[in-house]
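>>> Below is the structure, and that's it, no one-letter string:
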């Protein structure tokens with residue numbers, strides 16, 4: 001099932017109040033890891049734009065077909081991390097958003113409840 005533009009925007013808007021997230025964008029040739037806050041959402045042509053002082057991204061909603069919320073032990077210290085992950089038709093990762101707070105905060109859990117209700 002394809003994730004519609006409005007759903008992608010709603011997912012990322014639910015993440016925005018959490019503050020600074022760890023964002024991982026990958027393709028076959030490179031991986032970029034950045035930290036920033038989501039917001040400044042707009043649509044221009046085929047792009048969903050996210051433009052804040054700390055994050056400048058232009059997503060292609062037509063390339064994203066699925067999104068998942070994942071909670072798992074982190075690879076660095078074993079603390080639970082909460083992520084929202086977006087994938088393309090081939091099952092390749094488009095973007096992963098690691099929510100701030102880890103096991104110590106309840107904000108990611110509240111955001112996940114919102115995301116699961118979308």
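Great, that's in hand. Just so it is clear, the structure is predicted and the values come from calculations on it, not from any experiment. Residues are numbered from 1 along each chain as shown.

>>> so residue 15 is in which element?
helix 5-15 (DSSP states H and E).

>>> other SSEs contacting that helix?
strand 41-44, strand 47-51, strand 66-73, strand 80-87, helix 107-117 (3 or more C-beta pairs under 8 Å, 6 or more residues apart in numbering; DSSP states H and E). Where you see a C-beta, it was placed from the backbone N, CA and C, and this is true even at glycine.

>>> most distant residue from the middle of this protein?
In the chain, counting by C-alpha atoms, centre = their mean, residue 77 sits farthest out from the average C-alpha position, at 21.5 Å.

>>> Quick check: buried residues in the helix holding residue 15?
5, 8-9, 11-12, 14-15 (16 or more other C-beta atoms under 10 Å).

>>> just those now: which is nearest residue 86?
Among those, residue 8 lies closest to residue 86 (C-beta to C-beta), at 7.3 Å.

>>> picking up where we left off before, does the residue farthest from the centre of the chain sit in a helix, a strand or a coil?
coil (DSSP: H, G, I helix; E, B strand; the rest coil).

>>> And the pLDDT at it?
Confidence at residue 77, expressed as pLDDT, is 79.

>>> now swap in residue 100 and tell me
Predicted confidence (pLDDT) for residue 100: 82.

>>> Distance of residue 95 relative to residue 55?
Distance of residue 95 to residue 55, computed by C-beta to C-beta, to the nearest Å: 11 Å.

>>> shared neighbours, these two?
residue 23 (C-beta atoms under 8 Å, 6 or more residues apart in numbering).

>>> now, the most widely separated pair of the buried residues of helix 5-15?
Most distant of the buried residues of helix 5-15, by C-beta to C-beta, are 5 and 15, 16.0 Å apart.

>>> ranking the helices and strands packed on helix 5-15 by mean pLDDT, which is last?
What stands lowest among those, in mean pLDDT terms, is helix 107-117, with a mean of 60.

>>> Spatially, which residue comes closest to the most centrally placed residue in the chain, not counting chain neighbours?
The chain has residue 97 as the residue nearest its centroid, 3.6 Å off, counting by C-alpha atoms, centre = their mean. Residue nearest to residue 97 in three dimensions, not counting chain neighbours: residue 84, with 4.6 Å by C-beta to C-beta, 6 or more residues apart in numbering.
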